[in-house]
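Enquirer: return atomic coordinates for the entry below.
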Amino acid sequence: MGIFDRFKSNRQAQDKAKDVSDMAEKKVNERTGDKYESQVDDAQQKIEGRLGMDRDRPEQP
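Expert: Residues are numbered from 1 along each chain as shown. Sure, this is the predicted structure:
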């Protein structure tokens, strides 16, 4: 079992990662004056998708 498999099964780690991801997105948008908002959002979605944290997916128990 790899580190990402453990991450995908750890709900607390995923919740914390989502919070950090949201803070990073907010900070980047602040610093760029929302000039690249759509690109930042796309990047955030791709990263979260790779880590198995798709926000569009229903919550897993």
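Enquirer: roughly how far does the residue nearest in space to the middle of the chain sit from residue 25?
Expert: By C-alpha atoms, centre = their mean, the chain has its centre lying nearest to residue 48, at 3.9 Å. For residue 48, the distance to residue 25 (C-beta to C-beta, to the nearest Å) stands at 10 Å. Where you see a C-beta, it was placed from the backbone N, CA and C, and this is true even at glycine.
Enquirer: could you do residue 8 as well?
Expert: 21 Å.
Enquirer: show me where pLDDT drops low in this protein?
Expert: Scanning the chain for pLDDT under 70 picks out 1, 55-61.
Enquirer: which parts of it are helices?
Expert: 3-8, 11-32, 37-50 (DSSP state H).
Enquirer: buried ones in stretch 7-27?
Expert: Going by neighbour count (16 or more other C-beta atoms under 10 Å), the buried part of stretch 7-27 is 14, 17, 21, 25.
Enquirer: can I get those residues in JSON lines with distance to residue 32?
Expert: Below are these laid out as JSON lines (distance: C-beta to C-beta, whole Å):
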{"residue": "14", "distance to residue 32": "27"}
{"residue": "17", "distance to residue 32": "22"}
{"residue": "21", "distance to residue 32": "17"}
{"residue": "25", "distance to residue 32": "11"}
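Enquirer: and of the residues you listed, the nearest to residue 54?
Expert: For these, the residue nearest residue 54 by C-beta to C-beta is residue 14; the value is 10.6 Å.
Enquirer: isn't the closest one up against residue 21?
Expert: No. With contact defined as C-beta atoms under 8 Å, residue 14 does not count as touching residue 21 (10.1 Å).
Enquirer: quick check: neighbours shared by these two?
Expert: Common neighbours of residue 14 and residue 21 are listed as residue 53 (criterion: C-beta atoms under 8 Å, 6 or more residues apart in numbering).
Enquirer: name the nearest residue to residue 41, sequence neighbours excluded.
Expert: residue 25 (7.0 Å; C-beta to C-beta, 6 or more residues apart in numbering).
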